[in-house]
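> Based on what follows, work out the 3D shape:
(chains A and B)
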2 protein chains.
Amino acid sequence: MTDQSDVRCKALADKIVTAEEAASFIPAGANVGMSGFTGSGYPKAVPAALVARMEKAKAQGGRFAVSVWTGASTAPELDGALAEVEGVELRMPYQSDPVSRAKINAGLMEYMDIHLSHVAQMVWEGFFGHMDIAVVEVAGITEDGNLIPSTSVGNNKTWLDQADKVILEVNSAQPLALQGMHDIYYGTALPPNRLPLQITSPDDRIGVPYLTCPPEKIIAVVPTNSPDRNSPFKAPDADSKQIAGHVLDFLTHEVKKGRLPKGLLPLQSGVGNIANAVMMGLGEGPYKQLTAYTEVIQDGMLQLLKNGTLRMASATAFSLSEDGMADLTENIAEYSKQIILRPQEISNHPEVIRRLGCLAMNGMIEADMYGNVNSTHLMGSSIVNGIGGSGDFARNAFISMFMSPSTAKNGSISCIVPMASHVDHTEHDTHVVVTEQGLADLRGLPPRRRAKQIIEKCAHPDYKPALLDYLDRATASSGKHTPHLLNEALSWHARFLQTGTMQQDSKHWSTRMSRHA
Amino acid sequence: MTDQSDVRCKALADKIVTAEEAASFIPAGANVGMSGFTGSGYPKAVPAALVARMEKAKAQGGRFAVSVWTGASTAPELDGALAEVEGVELRMPYQSDPVSRAKINAGLMEYMDIHLSHVAQMVWEGFFGHMDIAVVEVAGITEDGNLIPSTSVGNNKTWLDQADKVILEVNSAQPLALQGMHDIYYGTALPPNRLPLQITSPDDRIGVPYLTCPPEKIIAVVPTNSPDRNSPFKAPDADSKQIAGHVLDFLTHEVKKGRLPKGLLPLQSGVGNIANAVMMGLGEGPYKQLTAYTEVIQDGMLQLLKNGTLRMASATAFSLSEDGMADLTENIAEYSKQIILRPQEISNHPEVIRRLGCLAMNGMIEADMYGNVNSTHLMGSSIVNGIGGSGDFARNAFISMFMSPSTAKNGSISCIVPMASHVDHTEHDTHVVVTEQGLADLRGLPPRRRAKQIIEKCAHPDYKPALLDYLDRATASSGKHTPHLLNEALSWHARFLQTGTMQQDSKHWSTRMSRHA
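Sure thing, here's the model as predicted:
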């Protein structure tokens, strides 16, 4: 378990301790920066040891809790375990853990959901208080003390810079051959000293392939040997395939119209089933030698790299299945030539995203008929995961697409609603909405015409009449720029909370329709 | 009136025609790009001649309308006059004209409200269709045919590039000494050919001081001699002064805490009374040699340039009073050394704003208790002006502030509400909310703590108990990340529409309070 051969630096090898010893250095109430992004590259051992301390404190009637700042989501053994013992005072900037989610929505854990490109700079700017200690997983330590980053970069560069003290986990389960894949940019600064990021193509490297940390800050090194979360890859379902089909048709159409180059533009793809389906669809299409400038490399993207659909991909993290990880490990020499992992402040930087003209494809919870998108909250109040990098990409993309099946929970929820119950992306940032029903191209359309497009193309037939009816009645009786009936705008969500479905009573409905016939 | 001496280029002097002749070149249904930004630099004569044609068509029972794309707002003789005769099919990307507003909200005119940094690139990208003709005001034409930009740059560079045909208005009322003040960047491109913008300080120049246009595209030159709209400057009222006071205290505090340099960071200031009050307050403070990287230079900023509080200001337009314009004209040699006017795609570029770390100060219509901001719609449906550049700055600012008096319409509207009736800036982009009551610093706070801050610091005492009560009841009965009562969230707005005030019936209210006592 404690394979120490990956700590090749003598001075740091001397700091090897157990996870328990390392965790004992973390004071209650500390702001702790942890590595980890979409379930990869998070610390595997120290969190568990920390949880043990928390359980002990709890058993003695006390509370031991810390604030946990990461890159993005981690895994059950970090987010889940800490949340379970109510060991997290404040969590940021993103999570996707079921236990954390439940605690947050029960008011037992505080959570700050932040644009991923904002995190590093705002910590550096001192807006969230001081970072006391960082716990960062690395794949290895070179003889001269450089840190070989792991399967995610996330905010690690900033955590190592900003924390007073650093605990390193050196994970022998991570391929040492990751060395050379990363591009860690050390040129960031606080204003007024910021300089242009000299990236003009996703394959530009502007940094060094390792992380650095002053050795005197490193108080403990913990060897580990555990794989990442590696969630199983699910084959795309029918809805995802249909959504992917609409997206691919749209891209082909844009190329034909001369509004996109034949080689498209750098792809950004959110995480999940739909994203994987789009990737698979691209793999079956005519495209070759594309690029990606995105946050996360999932299985689908690895396949595209392998078959030549993608020439290269820039991201900040992997999020692979076990098979995907095995494939990466086995073919890492090839993949290393095609993949660059960067700090998330660079992978998600508005400057680069706008310059490259990314094609942004992100999932959503719901869109309203005007194109305001909710990516984070169920029924306006309960957090699901967080905004992640979707805002960084949507606002700055060449074309910003949001995708979702048209209904959820067996049809009891319509993902196209009169008014979004929470807004993460405004109408201004939504160019295209896609469901399995179809694709609404909103570019160049004012609000009421957007509404007609979205309802016609994207809404499920079960909800279309009610949406059209709402639009008609709102148009008749409110300001006509963005018509709404304020007493009714959120009634679908309220109905769901009350009755378990957004669908209206059918009698009421037929009355309404005949009145409007 | 037709002073032709400012057309020094012989070839173009030969194209001088009357406004009526020029207007006759504009076909019905055309997409027309017009100059103009915050009431400056808009064409003065051709729109009126176009309106005459529209009136004639109307008298004959027909309709003559065009789509009008500008930089931002223009003036009554353009937006007002065209809207009056229903001569506008689609207006974008910003307007602030009362007649236009009324037509839009009556459903008689279509309007697309767009982030100002998006406009030029999206037109170039072909997302809004083709631009048929541009009508652009310039201050003069040099002997070799270069165009001396007027009091606003806006999208003029892009309009001249993209339009098939160009009509120039050469306005002798604009000081020819504007020459040299502008910095027109011709290095923009479509992806994948975009390059970094090499601006690292607000005073960096990266372009040329004139606009260019292939002479064969210029089909008409119309001499004019009319001043800009030049709205009278209103001295800040009591609320604005208090808001300014809170902002200044906050900036001082941030400097003291070491989170802002002594010379602050480049200021961005929205348009209007509060913005002017903040500028005046800065002028009375200890600050010297500050910079501005903003959209618009108002009277307040001219004063700061004069008294040395500001070293220089970068913007895309002036928006001055008559006195301000007289001051600019009289002292233009001095001001020319201190002012740079750029295309709005540069003044509002996320890349530059984030790099420079602007301090963004924008007005708002309302904020909800979680910090979601509505900048555009009254009661969720009726447009006021538009989002303008507020999103470009808020999302990318070092600190993003939104300011408003805590109430409107003699207290019948609370500008702090349970849920915003429309969202232009999400909680993720709102760092600070300011009213005359106080300033809420939301950095580092999760939603419920944001709500407490905003209610405590910013809400008017008349609405504070109802907001706290809503927050309490919502927290008790919904998901606790962002508590809401969906049946009630927009009831304040609905009540205003029904009763003319957001205030609850006092009897109902006292019952509610005793129940919760």
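> OK, contacts around residue A:421?
Residue A:421 makes contact with A:366, A:374, A:377, A:379, A:380, A:381, A:490, A:493, B:484, B:486 under the criterion CB atoms under 8 Å, 6 or more residues apart in numbering or on different chains. Just so you know, the C-beta spots here come from the backbone N, C-alpha and C atoms, and that holds for glycine as well.
> go with 7 Å
Applying CB atoms under 7 Å, 6 or more residues apart in numbering or on different chains to residue A:421 gives the contacts A:374, A:377, A:379, A:380, A:490, A:493, B:486.
> Where does the most centrally placed residue in chain A fall, secondary structure wise?
Residue closest to the average C-alpha location in chain A (CA atoms, centre = their mean): residue A:388, at 4.3 Å. Residue A:388 belongs to no helix or strand when elements are defined using DSSP states H and E.
> I figured it hits residue A:95, correct?
No: judged on CB atoms under 7 Å, residue A:388 makes no contact with residue A:95 at a distance of 10.0 Å.
> The contacts of residue A:421 in strands, which ones?
Residues of the contacts of residue A:421 located in strands (DSSP state E): A:374, A:377.
> mind checking the SS state of residue A:445?
The three-state label given to residue A:445 by DSSP: H, G, I helix; E, B strand; the rest coil is coil.
> Mind pulling up the pLDDT for it?
We have a pLDDT of 98 for residue A:445.
> Count the residues that sit near the nearest residue to it once chain neighbours are set aside.
Counting by CB to CB, 6 or more residues apart in numbering or on different chains, residue A:453 is the residue found nearest to residue A:445 once chain neighbours are left out, at 6.4 Å. By other CB atoms under 10 Å in any protein chain shown, 20 other residues sit near residue A:453.
> Report the separation between residue A:453 and residue A:433.
Here residue A:453 is placed at a distance of 8 Å from residue A:433 (CB to CB, to the nearest Å).
> what residues are shared contacts of those two?
Any residue near both residue A:453 and residue A:433 by CB under 7 Å, 6+ apart counts here, and that gives A:440, A:442.
> Please identify the residues of the stretch 201-350 of chain A in proximity to chain B?
Contact residues (CB under 7 Å from any CB of the partner chain) of the stretch 201-350 of chain A with chain B: A:201, A:259, A:261, A:265, A:350.
> From residue A:246, how far off is the third one?
For residue A:261, the distance to residue A:246 equals 21 Å [CB to CB].
> neighbour count winner among the two?
Comparing residue A:261 with residue A:246 by neighbour count (other CB under 10 Å), the higher total belongs to residue A:246, at 23 against 14.
> What helix or strand is the more buried one located in?
Counting by DSSP H and E, residue A:246 is part of helix A:238-256.
> likewise residue A:467?
For residue A:467, the enclosing helix or strand under DSSP H and E is helix A:464-477.
> Any buried residues in that helix, and which?
A:464, A:465, A:466, A:467, A:468, A:469, A:470, A:471, A:473, A:474, A:475 (16 or more other CB atoms under 10 Å in any protein chain shown).
> Who's the closest spatial neighbour of the third one, skipping the chain neighbours?
Distances taken as CB to CB, 6+ apart put residue A:504 closest to residue A:466, at 6.2 Å, once the chain neighbours are dropped.
> Tell me if I'm right that that neighbour and residue A:467 touch.
No: counting by CB under 7 Å, residue A:504 sits too far from residue A:467 to count as a contact (11.4 Å).
> Quick check: residue A:274 touching residue A:363?
Yes: using CB under 7 Å, residue A:274 makes contact with residue A:363 at a distance of 5.7 Å.
> Next, show the common contact partners of those two.
Overlap of the contact sets of residue A:274 and residue A:363 (by CB under 7 Å, 6+ apart) consists of residue A:403.
> got the buried residues for the lengthiest strand in chain A?
Longest strand in chain A, counting residues (DSSP E): strand A:133-141. Residues A:133, A:134, A:135, A:136, A:137, A:138, A:139, A:140, A:141 are the ones in strand A:133-141 that count as buried (16+ other CB under 10 Å).
> which helices and strands sit right next to that strand?
Under the contact criterion of 3 or more CB pairs under 7 Å, 6 or more residues apart in numbering or on different chains; DSSP states H and E, strand A:133-141 touches strand A:31-34, strand A:147-149, helix A:156-162, strand A:165-171.
> and the angle for it with strand A:165-171?
Here the directions of strand A:133-141 and strand A:165-171 differ by 40 degrees (axes from the mean of the first three to the mean of the last three CA atoms, to 10 degrees).
> quick revisit: ok, the residue nearest to the centre of chain A - contacts?
By CB under 7 Å, 6+ apart, residue A:388 lies in contact with A:72, A:94, A:116.
> Looking at the residues you listed, which one is closest to residue B:160?
If you rank the contacts of residue A:388 by distance to residue B:160 using CB to CB, residue A:116 comes first, at 38.1 Å.
> Confirm for me that that closest one is in contact with residue A:387.
No: counting by CB under 7 Å, residue A:387 is not a contact partner of residue A:116; they are 8.1 Å apart.
> residue contacts, residue A:66?
A:26, A:28, A:29, A:30, A:32, A:87, A:88, A:89.
> Name only those of those residues that count as buried.
Buried, going by 16+ other CB under 10 Å: A:26, A:30, A:32, A:87, A:88, A:89, out of those.
> For residue A:99, see how far away the fourth one is.
According to CB to CB, residue A:87 and residue A:99 sit 11 Å apart.
> do the same with the fifth one
Residue A:88 sits 10 Å away from residue A:99 when distances are taken as CB to CB.
> again, but for the third one
Here the distance between residue A:32 and residue A:99 works out to 18 Å (CB to CB).
> quick one: contacts for residue A:496?
For residue A:496, the contact set (CB under 7 Å, 6+ apart) comprises A:379, A:412, A:413, A:502.
> quick one: low-confidence ranges for chain A?
Under the criterion pLDDT under 70, the flagged ranges of chain A are A:1-4, A:506-517.
> how does it look with 50?
Chain A contains residues with pLDDT under 50 at A:1-3, A:507-517.
> Those residues of the stretch 51-200 of chain A touching chain B, which are they?
So the stretch 51-200 of chain A meets chain B at A:90, A:104-107, A:110-112, A:114-115, A:125-129, A:191-192, A:194-198, A:200 (CB under 7 Å from any CB).
> In strands, which of these appear?
Counting by DSSP E, those contribute A:90, A:110, A:111 to strands.
> As a check, name the ranges of all helices in the stretch 201-350 of chain A.
A:238-256, A:273-284, A:299-306, A:322-330, A:332-338, A:344-347, A:350-356 (DSSP state H, counting those that start in this stretch).
> And the last one, what does it pack against?
Pointing back at helix A:350-356 there. Packing partners of helix A:350-356 (3+ CB pairs under 7 Å, 6+ apart): helix A:390-396, helix B:350-356.
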